[in-house]
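Starting from these lines, generate the structure:
(one chain, ligands or ions: 1)
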Amino acid sequence: MSKILELRNVNKIYGTEIKNQVLYDINLSFEEGSFNSIIGQSGSGKSTLLNIIGTLDKATSGDVYIEGRDIKKMSINQLADYRNKTIGFVFQFHYLLPEFTALENVLMPYRIQNGKVSKEIVRKAEEIMNLVGLEKVKNNMATKMSGGQQQRTAIARALINNPRIILADEPTGNLDSDSTETIYELLRNINEEYKTTFLIITHDRRIAEKADRIVEIKDGKINLDIKK
Ligand SMILES: Nc1ncnc2c1ncn2[C@@H]1O[C@H](COP(=O)(O)OP(=O)(O)OP(=O)(O)O)[C@@H](O)[C@H]1O
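Presented below is the predicted three-dimensional model:
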């Protein structure tokens, strides 16, 4: 397997006058197609780490390589392209657009990237929605679905552009334990079917232990790194 992500000596400091160092010299790499969980107490720096990998935030120092490319050397356009094509994001709060249907929400990243959608891409969106068990509610307004259905819509949306990496920040944080299990099985299936690399932040140790690797962040440092 090859490395799809690598962080070298990544530090993050927030603030200019009052400095708050949140990440200390993080060195980590992730194999293509691996299923990883990131755990740690609230405030330990998990989201900051994921946001840096997703280029939503910048490291104060250190290097991040994605598919072997140094993200510091990418232009703004290349970075936007990378965010859209290589990465799929899933957040605790799914940020679906309420005035659109589930299907239209799933199509949105494609529309943003390409301007318009073809029949083919609508078919693909429908296939993904079938995969995540949304065939019956695909034309419902986003607000007229259950929490679990909304989260599955967000997962389908993250998949539409065939990302190589999915970054998920507490994707089941607001769901009950049955829906949590279902969503994790779904993410695992996607990982196995498409060999998509997953980095998932979770508070739930039970869920974390199902991953191939558990990285624990404590006070901005890697405290544990367990590979199975
Ligand atoms: N944009 C920001 N500006 C300033 N400080 C921030 C910012 N984002 C996060 N922090 C600080 O960085 C630290 C780490 O936050 P982060 O969100 O990465 O933690 P976390 O482990 O994801 O926590 P949680 O599990 O509660 O989501 C916290 O002390 C937080 O206050």
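
how far is stretch 129-149 from where the chain is centred?
Counting by CA atoms, centre = their mean, to the nearest Å, stretch 129-149 is centred 20 Å from the centre of its parent chain.

List of residues touching that stretch?
Residues from elsewhere that reach stretch 129-149 (CB atoms under 8 Å, 6 or more residues apart in numbering): 96-103, 105-106, 126, 150, 152-153, 155-156, 174-175, 179, 182-183, 186, 189-190. Using the backbone N, CA and C atoms, a C-beta is placed for each residue, glycine as well.

Likewise for stretch 212-225?
12, 21-28, 34-41, 44-46, 49, 208, 226-228.

How many residues are close by residue 54?
By the criterion of other CB atoms under 10 Å, residue 54 has 20 neighbours.

Quick check: bridge partners of the closest residue to it other than its chain neighbours?
The shortest distance from residue 54 to any non-neighbouring residue, by CB to CB, 6 or more residues apart in numbering, is to residue 167 (5.0 Å). Under DSSP bridges, the beta-bridge partners of residue 167 are residue 89, residue 199.

from what I can see residue 167 touches residue 197, true?
No: if you go by CB atoms under 8 Å, residue 167 and residue 197 don't touch, sitting 9.4 Å apart.

Could I get the contacting residues of the residue nearest in space to the middle of the chain?
Closest to where the C-alpha atoms of the chain average out (CA atoms, centre = their mean) is residue 167, at 1.7 Å. Residue 167 makes contacts with 50, 53-54, 87-90, 199, as judged by CB under 8 Å, 6+ apart.

Now that residue 79 has come up, it's in contact with residue 54, right?
No: with contact defined as CB under 8 Å, residue 79 does not reach residue 54; the gap is 10.3 Å.

The longest helix anywhere in the chain - contacts with which helices or strands?
For the chain, the helix reaching the highest residue count under DSSP state H is reported as helix 177-194. In terms of contacts (3 or more CB pairs under 8 Å, 6 or more residues apart in numbering; DSSP states H and E), helix 177-194 is packed against strand 35-39, helix 147-159, strand 165-169, strand 197-201.

Tabulate the ones you listed in a markdown table, adding columns for mean pLDDT and distance to residue 6.
Formatted as a markdown table, the helices and strands packed on helix 177-194 follow (pLDDT from 0 to 100; distance: least, CB to CB, whole Å):
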| stretch | mean pLDDT | distance to residue 6 |
| --- | --- | --- |
| strand 35-39 | 97 | 13 |
| helix 147-159 | 90 | 22 |
| strand 165-169 | 94 | 12 |
| strand 197-201 | 96 | 12 |
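
The ones you listed into TSV, with extra columns for distance to residue 65?
TSV is the format used below for these (distance: least, CB to CB, whole Å):
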stretch	distance to residue 65
strand 35-39	16
helix 147-159	22
strand 165-169	12
strand 197-201	14
